[in-house]
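In: the sequence isn't on hand, but the structure is:
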């Protein structure tokens with residue numbers, strides 16, 4: 001690490017006298033808009049609970065993980081139990097997700113990244129693949145299909161000029177992250193190729209990570225009205241899973257992997273890990289039929305080779321997905337009324353071949369079970385949008401959702417092919433937004449959420465196909481305010497919501513540590529989300545040319561309701577895995593010569609780790625900082641040089657707890673103070 005820092009600062013000071021470009025962050029801010037899959041809409045007037053993560057946020061965060069970046073958004077919690085092991089919730093709990101991402105719909109450009117079985121391999125993506133993110137919290141329900149958590153739209157970096165980019169970052173615990181990309185534009189054709197490589201030894205034993213990533217985007221505007229887009233990525237990800245520790249083991253040695261017991265081997269001897277090879281591809285066509293009518297159609301497919309040597313078994317899973325999304329967009333503009341309507345369809349199917357074997361030191365031996373499942377998820381939707389006098393916005397939307405899965409078993413007992421079909425679900429939404437003044441808006445919405453069990457819940461690690469699981473559903477009621485100054489120097493928003501969920505799906509453990517899922521009752525989730533961003537100083541001529549402050553606060557009053565487990569009743573208890581208070585503050589200092597300093601503080605209150613609320617993770621204060629030179633120019637080469645510190649206070653905390661863990665193995669310790677340094681080059 002010393003040699004890395006020496007090299008970095010030698011480069012920094014040798015280029016400090018070079019010509020500099022004024023930081024983009026101190027230019028006059030543009031009006032912030034969200035895409036929302038259709039027409040662009042100013043954030044101020046949006047009827048949805050949406051947050052935007054753009055380049056101004058991304059540039060200050062570590063580029064080797066999405067965790068710190070996503071956790072700046074109120075109502076969002078992302079965890080990483082070890083490098084590469086993501087978990088994510090939007091206004092909710094991680095009760096359904098011992099690992100991975102469920103109950104959230106994620107799109108990348110025009111294509112659903114979430115498969116028909118309800119699973120999303122977000123960790124397959126390299127962080128450099130993300131140009132911008134729109135986060136829709138709560139059951140947007142209709143246009144994004146079945147979910148009760150929300151949706152995330154990922155937009156890839158824009159191709160608006162010819163450029164070549166290279167970056168390299170090194171840090172503590174063997175971290176190395178390298179990316180390279182090329183973007184080219186030739187008249188009506190543009191393309192990009194990018195690759196990423198990342199590795200880490202990890203803070204704990206058995207927590208190494210390695211990912212190789214490649215993607216390409218091709219876009220051809222074949223006429224003034226039509227545009228064809230193709231997108232492909234390939235990811236080869238491996239990360240070891242150290243497993244949870246008890247409170248005593250955490251105090252004795254937080255870097256331990258899960259040790260063996262008298263009845264079960266440990267994580268190291270079983271070589272516990274995830275191996276994920278995924279290829280994803282999609283092609284879409286957008287055609288402006290006339291000035292009012294537009295048609296978009298997208299075809300997408302993916303294949304995943306997934307292996308998971310675990311403590312109790314060795315799982316092999318082969319998944320293939322094929323799907324289509326299409327919609328018609330109609331827009332009409334009159335003097336005092338703008339009318340917009342969409343009608344669309346999304347259909348996808350995912351086939352899964354799942355086999356489980358005994359795990360003998362990381363080798364698959366005798367077969368335990370073999371099953372095939374096919375999930376089919378279809379929905380049709382309709383959305384109306386009325387904009388009256390550029391002040392009053394009304395949105396009415398609904399969807400019809402169809403979900404079923406087919407299954408057959410080959411071992412240990414043969415079960416002929418059968419099908420389970422869920423009832424058709426109607427998911428409505430009604431929302432309004434009113435511009436009280438040109439800078440101040442109020443909004444209100446009511447929407448229904450619906451989420452059927454995922455394939456990973458129907459066929460969990462107990463190797464049984466569970467046909468008793470029912471879909472979650474509930475109603476969300478919401479009020480919101482947004483304010484910005486005319487020069488966009490200040491932005492503030494507030495959300496107040498109440499969400500009543502029924503048939504909550506939760507994870508349970510058997511005596512042998514295998515898991516299963518059940519419907520345990522309901523939850524009542526009430527919360528407040530506050531967000532403020534302000535340029536305190538924005539003066540190019542002064543020593544401190546810019547000072548930007550952001551603060552986000554989340555209050556989550558989430559409680560169980562009619563919630564049982566066996567003979568125990570947990571009604572009124574705090575929702576497992578959800579901190580009641582989260583406060584994020586950040587300061588960005590901009591100095592002459594393109595020097596910047598970024599500081600961020602994250603306060604997270606205590607987190608209940610079991611349904612009985614008898615075990616809690618302690619509250620923590622997490623401080624991060626980043627110092628660098630941005631947009632330093634040497635002839636035609638632009639350099640960014642930076643160094644950062646994570647967990648500056650060297651706090652002991654767990655970023656990803658195992659909920660309702662067997663024998664108290666709840667904790668996955670995060671690293672103490674750690675460092676990184678890097679360089680990016682743009683030609």
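Out: Alright, I've got the coordinates. Computed from a predicted model, the values in this text were never measured in an experiment. Numbers count the residues shown, from 1 in each chain.
In: now do the contacts for the residue most central in space within the chain.
Out: For the chain, residue 88 is the residue whose C-alpha lies nearest the centre (C-alpha atoms, centre = their mean; 5.9 Å). Neighbour list for residue 88: 70, 76, 77, 78, 79, 97, 101, 104, 122 [criterion: C-beta atoms under 8 Å, 6 or more residues apart in numbering]. C-beta here means a position set from N, CA and C on the backbone, and glycine is covered the same way.
In: helices - which of these land there?
Out: Among those, the members found in helices (DSSP state H) are residue 70.
In: and of the contacts of residue 88, the nearest to residue 580?
Out: Closest approach to residue 580 among those (C-beta to C-beta): residue 77, at 12.1 Å.
In: could you check the pLDDT of that closest one?
Out: With respect to pLDDT, residue 77 scores 93.
In: what sits opposite it in the beta ladder?
Out: Here residue 77 sits in beta bridges with residue 89, going by DSSP bridges.
In: roughly how far does it sit from residue 549?
Out: 23 Å (C-beta to C-beta, to the nearest Å).
In: list the buried residues for stretch 597-609?
Out: Across stretch 597-609, burial judged by 16 or more other C-beta atoms under 10 Å covers 598, 599, 600, 601, 602, 603, 604, 605, 607, 608, 609.
In: and residue 240, how many residues sit next to it?
Out: Close neighbours of residue 240, defined as other C-beta atoms under 10 Å, add up to 26.
In: can you tell me how far the residue nearest to the centre of the chain is from residue 438?
Out: Distance from residue 88 to residue 438, by C-beta to C-beta: 36 Å.
In: excluding chain neighbours, what is closest to residue 636?
Out: Distances taken as C-beta to C-beta, 6 or more residues apart in numbering put residue 683 closest to residue 636, at 6.6 Å, once the chain neighbours are dropped.
In: check the one you found and give its pLDDT.
Out: On pLDDT, residue 683 comes in at 89.
In: now do the same contact list for it.
Out: Going by C-beta under 8 Å, 6+ apart, residue 683 touches 163, 164, 165, 636, 637, 638.
In: more neighbours: which of residue 77 and residue 549?
Out: Set residue 77 next to residue 549 and count neighbours by other C-beta under 10 Å: residue 77 wins out with 24 against 14.
In: I figured that one was touching residue 89, is that so?
Out: Yes - counting by C-beta atoms under 8 Å, residue 77 does reach residue 89; the two are 5.1 Å apart.
In: could you tell me which residues touch both of the two?
Out: By C-beta under 8 Å, 6+ apart, no residue touches both residue 77 and residue 89.
In: any buried residues in stretch 484-499, and which?
Out: Residues of stretch 484-499 classed as buried by neighbour count (16+ other C-beta under 10 Å): 484, 488, 491, 492, 493, 494, 495, 496, 497, 499.
In: residue 192: which of those is nearest?
Out: Closest approach to residue 192 among these (C-beta to C-beta): residue 488, at 29.3 Å.
In: distance of the closest one from residue 533?
Out: Distance, residue 488 to residue 533, by C-beta to C-beta: 9 Å.
In: got it, and residue 468?
Out: 47 Å.
In: quick one, which of these two is more surrounded?
Out: Shown here are residue 468 and residue 533; by other C-beta under 10 Å, residue 533 has more neighbours (21 against 9).
In: how about residue 341, what does it touch?
Out: Contacts for residue 341 (C-beta under 8 Å, 6+ apart) come out as 329, 330, 331, 382, 383, 384, 385.
In: which stretches of the stretch 351-500 of the chain form helices?
Out: For the stretch 351-500 of the chain, applying DSSP state H, counting those that start in this stretch gives helices covering 455-458.
In: ditto for the stretch 1-150 of the chain
Out: With DSSP H, counting those that start in this stretch as the criterion, the stretch 1-150 of the chain has helices at 2-15, 55-58, 67-70.
In: where is pLDDT lowest across the buried residues of stretch 484-499?
Out: Across the set of those, residue 488 stands lowest in pLDDT, at 85.
In: would you list the phi and psi of it?
Out: Note on residue 488: backbone dihedrals following degrees, to the nearest 10 are phi 60, psi 30.
In: could you list the low-pLDDT ranges of this structure?
Out: 1-39, 98, 140-142 (pLDDT under 70).
In: make it 80
Out: Residues of the chain meeting the criterion pLDDT under 80: 1-41, 92-100, 140-142, 510-513, 539-542, 565-566, 593.
In: helices and strands around the lengthiest strand in it, which ones?
Out: The strand that spans the most residues within the chain, counting by DSSP state E, is strand 363-388. Judged by 3 or more C-beta pairs under 8 Å, 6 or more residues apart in numbering; DSSP states H and E, strand 363-388 is in contact with strand 314-333, strand 337-360, strand 392-411, helix 455-458.
In: just the buried residues of the last one, please?
Out: Residues of helix 455-458 classed as buried: 455, 456, 457, 458 (neighbour count, 16+ other C-beta under 10 Å).
In: could you dump those into a markdown table with distance to residue 432 added?
Out: Below are the buried residues of helix 455-458 laid out as a markdown table (distance: C-beta to C-beta, whole Å):
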| residue | distance to residue 432 |
| --- | --- |
| 455 | 37 |
| 456 | 37 |
| 457 | 36 |
| 458 | 38 |
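In: pick the one among these closest to residue 520.
Out: Checking the buried residues of helix 455-458 against residue 520 by C-beta to C-beta gives residue 457 as the nearest, at 12.7 Å.
In: so who does the residue nearest to the closest one when sequence neighbours are not counted touch?
Out: Counting by C-beta to C-beta, 6+ apart, residue 517 is the residue found nearest to residue 457 once chain neighbours are left out, at 4.2 Å. With contact set as C-beta under 8 Å, 6+ apart, residue 517 has these partners: 96, 453, 457, 458, 460, 466, 469, 505, 506, 507, 508.
In: top of the residues you listed by neighbour count?
Out: residue 453 (30 neighbours).
In: which residue is the nearest non-sequential neighbour of that one?
Out: residue 469 (4.1 Å).
In: can you get me a residue count around the nearest residue to residue 357 once chain neighbours are set aside?
Out: The spatial neighbour of residue 357 that comes closest, neighbours along the chain excluded (C-beta to C-beta, 6+ apart), is residue 364 at 3.9 Å. By other C-beta under 10 Å, 18 other residues sit near residue 364.
In: and what of residue 419?
Out: 11.
In: beta partners of it?
Out: residue 406.
In: in contact with it, which residues?
Out: Applying C-beta under 8 Å, 6+ apart, the residues near residue 419 are 404, 405, 406, 407.
In: what is the nearest of these to residue 650?
Out: Nearest to residue 650 among the contacts of residue 419: residue 405, at 47.4 Å, using C-beta to C-beta.
In: quick one: contacts for the closest residue to the closest one other than its chain neighbours?
Out: Sequence neighbours aside, residue 375 is the residue nearest to residue 405 in space, at 4.6 Å (criterion: C-beta to C-beta, 6+ apart). Residue 375 is in contact with 115, 116, 117, 118, 349, 350, 352, 403, 404, 405, 455, counting by C-beta under 8 Å, 6+ apart.
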